[in-house]
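Chemist: Coordinates for the following, if possible.
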Amino acid sequence: MGMLSAMPYAPANGIELFYDETGDEGADPLLLVMGLSAQMTAWPDAFCLLLAQRGFRVIRFDNRDCGLSTKIDGAPEPDFLGMLAGDNSTVSYTLSDMAADAFGLLDHLGIASAHLVGASMGGMIAQLMAIEHPDRVRSLCSMLSTTGDSAVGQPHAEALAVLLTPPATDRHSHVAQALAGERAIGSTDPALQRTEAEIRAGAATGYDRSFCPPGGGRQLAAVVCAHDRTGQLRSLDVPTGVIHGDSDPLIDVSGGRATAAAIPGAGLVVVPGMGHDLPAPLWPQFVDAIAANAGHAAKADQTPTAAPSADAIASGLTTTQPHGLTS
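Modeler: Prediction:
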């Protein structure tokens, strides 16, 4: 078991997406959708391998304006104050465009439907994929994300300061910002935190792979101008799991709770001490939860059944998490 492809490009929705795959070609496809300014490598190789070992064909990709995928050069600089006043003239693309990108990748691979796992902005994109083309979504796992309702999922003051920090200009300042950012929005439980050396090494590797601050601004514009999806989420009929940290200051846990409340039958796992990150000690339990949710989709193909309960989604997350879970 290993990489199915040599990290190629796929034409998708008028752009090119850089992607790779892990697992067997005949396995159930699972698409990982990453968040704001985060490259596909934010889904680590070891995490992808764990999913592949559970019987998935794991596909990850760089969103547009990030990593090695197409950059939307020449686009206007986002005017965020204007957006807040209702002027979206400087918004280069929407989250729906990014959802169409992801479907374009699946089309390129000849995949009619897939399990979706999205983190942060990626969770928003995955939600839209399920809303706009539910026939192509086998199951949905929304992590560290929200519904688009401005009453929930809002950043705390310390996280807002990270968002408003001027972008780094070189490798040194990028690494320093990454360290400060993780301290501000990462997990509060020491057992879940990365070491400073790990943070620095990851940031340096990411910078060397790709560095495109303007792309992050354009992605943020897509998030800021996104509409409230709550009403549309209420109409979903897809096995859904929601995972969120109770110490997430970037997208408050109320966003995850609202997502689970909106989607009929969705399971909710709230992880104590977890912030806006995907801590390595929890990867095996995340994989258990994703696989359990996907298993409900397989059963639904044979016999009509309700979406998984919170207990079913949480079943793999309760044994090794230091403080247990609430749901």
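Chemist: which residue ranges form the strands in the stretch 1-150 of the chain?
Modeler: 9-12, 15-22, 28-33, 56-61, 114-119, 137-143 (DSSP state E, counting those that start in this stretch).
Chemist: What's the first helix or strand after the helix or strand harbouring Gly215?
Modeler: Per DSSP states H and E, Gly215 falls inside helix 213-224. Past helix 213-224, heading to the C-terminal end, the next element that is a helix or strand (DSSP H and E) is helix 230-233.
Chemist: So what touches that next one?
Modeler: Defining contact as C-beta atoms under 8 Å, 6 or more residues apart in numbering, one finds that helix 230-233 is touched by 127, 131, 147-149, 258-259, 262-263. C-beta coordinates here come from the backbone N, C-alpha and C atoms, glycine included.
Chemist: got the buried residues for the helix holding Gly215?
Modeler: When burial is assessed from 16 or more other C-beta atoms under 10 Å, helix 213-224 yields the following buried residues: 214-223.
Chemist: what do you get for stretch 228-246?
Modeler: 229-230, 232-233, 236, 238-246.
Chemist: any idea of the pLDDT on Arg138?
Modeler: Note on Arg138: pLDDT of 98.
Chemist: gap between it and Tyr207?
Modeler: 35 Å (C-beta to C-beta, to the nearest Å).
Chemist: More neighbours: those two, which one.
Modeler: Arg138 (23 against 17; other C-beta atoms under 10 Å).
Chemist: Verify the contact between that one and His115 for me.
Modeler: Yes. Under the criterion of C-beta atoms under 8 Å, Arg138 makes contact with His115 at 4.8 Å.
Chemist: Nearest spatial neighbour of Gly67, chain-adjacent residues omitted?
Modeler: Gln39 (3.9 Å; C-beta to C-beta, 6 or more residues apart in numbering).
Chemist: Next up, the contacts around the one you found.
Modeler: Neighbour list for Gln39: 62, 66-67, 206, 209-210 [criterion: C-beta under 8 Å, 6+ apart].
Chemist: what's the answer for Thr90, then?
Modeler: Taking C-beta under 8 Å, 6+ apart as the test, what Thr90 contacts is 76-79, 82-83, 221.
Chemist: Can you go through these and name the buried ones?
Modeler: Applying 16+ other C-beta under 10 Å to the contacts of Thr90 flags 78, 83, 221 as buried.
Chemist: does the residue most central in space within the chain have beta-bridge partners, and which?
Modeler: Compute the mean C-alpha point of the chain, and by C-alpha atoms, centre = their mean the closest residue is Ala119, 1.8 Å away. With DSSP bridges as the criterion, Ala119 is bridged to Met143.
Chemist: With Glu158 as the reference, measure out to it.
Modeler: 20 Å.
Chemist: Likewise for Val175?
Modeler: 20 Å.
Chemist: Hmm, Gly82 is touching Pro76, no?
Modeler: No. Judged on C-beta under 8 Å, Gly82 makes no contact with Pro76 at a distance of 10.4 Å.
Chemist: Next, count neighbours for Pro8.
Modeler: Neighbourhood size, Pro8 [other C-beta under 10 Å]: 12.
Chemist: got the contact list for it?
Modeler: Contacts of Pro8 by C-beta under 8 Å, 6+ apart are 18-20.
Chemist: Need these in a markdown table (columns: pLDDT).
Modeler: Formatted as a markdown table, those follow (pLDDT from 0 to 100):
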| residue | pLDDT |
| --- | --- |
| Phe18 | 98 |
| Tyr19 | 98 |
| Asp20 | 96 |
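Chemist: TSV for these, including distance to Val91 and neighbour count?
Modeler: Output for the contacts of Pro8, formatted as TSV (distance: C-beta to C-beta, whole Å; neighbours: other C-beta atoms under 10 Å):
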residue	distance to Val91	neighbour count
Phe18	24	21
Tyr19	25	25
Asp20	29	19
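Chemist: Could you export those as JSON lines, including distance to Gly153?
Modeler: Shown next, in JSON lines, are these (distance: C-beta to C-beta, whole Å):
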{"residue": "Phe18", "distance to Gly153": "29"}
{"residue": "Tyr19", "distance to Gly153": "28"}
{"residue": "Asp20", "distance to Gly153": "30"}
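Chemist: these two touch, right, Arg218 and Tyr93?
Modeler: Yes. Proximity of Arg218 to Tyr93 meets the contact threshold set by C-beta under 8 Å, at 7.2 Å.
Chemist: what touches both of the two?
Modeler: In contact with both Arg218 and Tyr93: Ile72, using C-beta under 8 Å, 6+ apart.
Chemist: Next, give me the two most distant ones among the contacts of Gln39.
Modeler: Across those, the longest distance by C-beta to C-beta is 11.3 Å; it joins Asp62 and Gly206.
Chemist: which of those two has more neighbours?
Modeler: Between Asp62 and Gly206, Asp62 has the larger neighbour count (other C-beta under 10 Å), namely 25 against 19.
Chemist: Surely the more buried one and Leu68 touch.
Modeler: Yes. The pair Asp62 / Leu68 is scored as a contact, 5.4 Å apart, by C-beta under 8 Å.
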